[in-house]
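**Q** coords please:
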Amino acid sequence: MGLAAAAIGAVIVLAGCTQPQAVDPTDPPSPSPGRTTRPQVDDVWAQEIFWERCTLAKDTECATVVAPLDWDDPTGPGIELALARVKATGGTARLGSLLVNPGGPGASGLSFLPNAISLIGPDVRAAYDVVSFDPRGVGESTPVTCYQTTAELDRFFAASWPKTLDGYADSVSVVEPFAQACADNTGPLLGQVDTASAAKDLDLLRHLLGDERLNLLGYSYGSFLGTTYAELFPDRVGRLVLDGAIDPSLPSDTQEVEQARGFEAALNAYLSDCIGKQACPFRGSKQAALDQIHQLLAQIEAKPMEAGSPDGRKLTLPLAINGIVVTMYDDSTWLLASQALEGAISYDDGTGLLRLSDMYMDRLGGSYGSNQMEAFIAINCLDGRPPADPAAAEAHAAALAEASPTMGEFWAYSEQLCAVWPYPQKGAPHGASAPGADPILIIGTTGDPATPYQGAVALAQQLESAVLITYQGEGHTAYGRSNQCVNQAVERYLLEGTVPAEGLTC
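**A** Numbering: from 1, shown residues only. I've put the predicted structure just below:
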């Protein structure tokens, strides 16, 4: 969703889709044989889940189920959905399964499970089986696959994007090969990874887990997945916690501008906290520090910086922005920003920023640990895309630069990404509505850069049964990382169904 709606870097802010020749959306490509489909089951609703011990976390079980590739053809080819659970620890009445989603889109729920267990309170874990899953197209589920080598992915994600309309058309030569690779290596699944299809998968998982209603803890994009579920199946809503909520009525270009404004505000908050401390790489005023960061980015744009990489990679502009942005998600990581910026500004050493960028993009140990980058692009290009005509692109670039004077100009002109995508857009912005749904808990953080607070406010106004919790603080999302006020309200809701009083501020 937008620039970086969960755990993806600034390249994706601008990048997205590609291929050597533009693909006609009315003539989708043929699949690579056997790449994304598997033998169908006679009835996906009648299958059993066979759990086996796995090593994701202590006492974890893993399983795979089959879902329809296309929910409009439920008896057609199938795809795999990977899931994992930690069973309820007991000592209290079991309340069923609590599904968790970390966001993205594209982030792996299986990889997130150990962290989820640490975030969720012990009383909730006693009452619920905590179940995480990789959505369609993601991770261990049938995946979106684009470039198949680390070198190809490195080149694509390190590429800079035009800052002016003059270079806009040239970006097609960067994005088209990528989109063609996604089409060739993924097949028809590439046109079926939209959020509405993923929400229908959620309902299948709910049924197979034996729950009458869906209980979900959805962070960031996971809140949008939960919102979509509530719209499609309001009578099956159980206890939904939507943390770092997204306003589904906003077009993608508006969401990007709001995110740019959010990251600029987070950068300002970091600098206000940094200046005057011994470990801070900046001296003088906050504006002087912002100017220095902007100068650093311009310097890297002109000449990529040495970064001590064993494979010879240098710190390019998109990777530098990734390295800064990832530390804005949580104020506990601001010290990492100071250390990395100190190296780049004082010693022309991009090692720290490149390491942070690699962490952001799950590039560890010399290769990418997951397909979160490709999945992020594929899902976003189906859910919504900004207008790609030059006049709209120019106006969008101006709005980004105004929203984020430090980084906005470097996030401009990314529309070509989804404009060449081989499948048409399936979603469209609209106000959410889930009449008759049980109470839904929405959480917004006032200093959230990736899913700005006003999105949570708007969603709470749109959903008839929603109740909003406001966390006054910095960082992305709140439950499990903020304070006891938030945690206790969420856990009373999950355990007892008790919703807090309207207007609770923590």
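**Q** any regions of the chain where pLDDT drops low?
**A** 1-41 (pLDDT under 70).
**Q** what about the longest helix in this structure?
**A** helix 252-274 (DSSP state H).
**Q** show me what secondary structure element comes after that one.
**A** helix 286-302 (DSSP states H and E).
**Q** helices or strands up against that following helix?
**A** Using 3 or more CB pairs under 8 Å, 6 or more residues apart in numbering; DSSP states H and E, the elements in contact with helix 286-302 are helix 252-274, helix 317-326, helix 334-347. From N, CA and C alone the C-beta is placed, and that goes for glycine too.
**Q** next, the angle helix 334-347 makes with the shortest one.
**A** In terms of direction (axes from the mean of the first three to the mean of the last three CA atoms, to 10 degrees), helix 317-326 departs from helix 334-347 by 140 degrees.
**Q** output helix 317-326 as CSV, restricted to C-alpha atoms.
**A** Backbone C-alpha positions of helix 317-326 (Å, rounded to 0.1, in the frame of the first residue of the first chain) are rendered in CSV as follows:
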residue,chain,number,x,y,z
LEU,A,317,20.2,6.4,-3.9
PRO,A,318,17.3,4.0,-3.5
LEU,A,319,19.3,1.8,-1.1
ALA,A,320,20.4,4.8,1.0
ILE,A,321,16.7,5.9,1.3
ASN,A,322,15.8,2.4,2.4
GLY,A,323,18.5,2.5,5.1
ILE,A,324,17.1,5.7,6.5
VAL,A,325,13.4,4.8,6.2
VAL,A,326,13.7,1.4,7.9
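**Q** gap between that helix and the chain center?
**A** 16 Å (CA atoms, centre = their mean, to the nearest Å).
**Q** quick check: angle from it to helix 286-302?
**A** 150 degrees.
**Q** swap in the last one?
**A** Put simply, helix 334-347 runs at 60 degrees to helix 286-302, going by the same axes, to 10 degrees.
**Q** I would like the residues contacting helix 334-347, please.
**A** 270, 273-274, 279-282, 292-293, 296, 300, 305, 315, 320, 323-324, 327-328, 349-353, 355-356 (CB atoms under 8 Å, 6 or more residues apart in numbering).
**Q** buried subset of those residues?
**A** 270, 274, 280-282, 292-293, 296, 300, 305, 315, 320, 323-324, 327-328, 349-353, 355-356 (16 or more other CB atoms under 10 Å).
**Q** now the phi/psi pair for the nearest residue to Glu61 once chain neighbours are set aside, please.
**A** Leaving aside its chain neighbours, Glu61 sits nearest to Trp51 (3.9 Å; criterion: CB to CB, 6 or more residues apart in numbering). Phi and psi for Trp51, reported as degrees, to the nearest 10, are phi -90, psi 140.
**Q** I figured Trp51 hits Leu83, correct?
**A** No: the criterion here is CB atoms under 8 Å, and Trp51 misses it with Leu83 at 9.1 Å.
**Q** where do the contact lists of these two overlap?
**A** In contact with both Trp51 and Leu83: 62-63, using CB under 8 Å, 6+ apart.
**Q** ok, these two, which is more surrounded?
**A** Taking other CB atoms under 10 Å, Trp51 and Leu83 do not tie; Leu83 has more neighbours (25 against 14).
**Q** now the more buried one: closest residue in space, sequence neighbours ignored.
**A** That would be Phe133: by CB to CB, 6+ apart, it lies 4.1 Å from Leu83.
**Q** Three-state assignment for the one you found, please.
**A** Of the three states, Phe133 takes strand under DSSP: H, G, I helix; E, B strand; the rest coil.
**Q** so who does it touch?
**A** 81-84, 99, 101, 109-110, 141, 205.
**Q** cool, Ala158 as well?
**A** Counting by CB under 8 Å, 6+ apart, Ala158 has contacts 11, 313, 316, 318-319.
**Q** phi, psi for it please.
**A** phi -90, psi -10.
**Q** same question, Thr327
**A** The phi/psi pair for Thr327 (degrees, to the nearest 10) is phi -80, psi -10.
**Q** going forward can the numbers begin at 33, since that is how I track them
**A** Fine by me, first position is 33 from now on; the one you just mentioned is Thr359.
**Q** just give the nearest non-adjacent residue to it, would you?
**A** Using CB to CB, 6+ apart and skipping the chain neighbours, the partner closest in space to Thr359 is Ala369 (3.8 Å).
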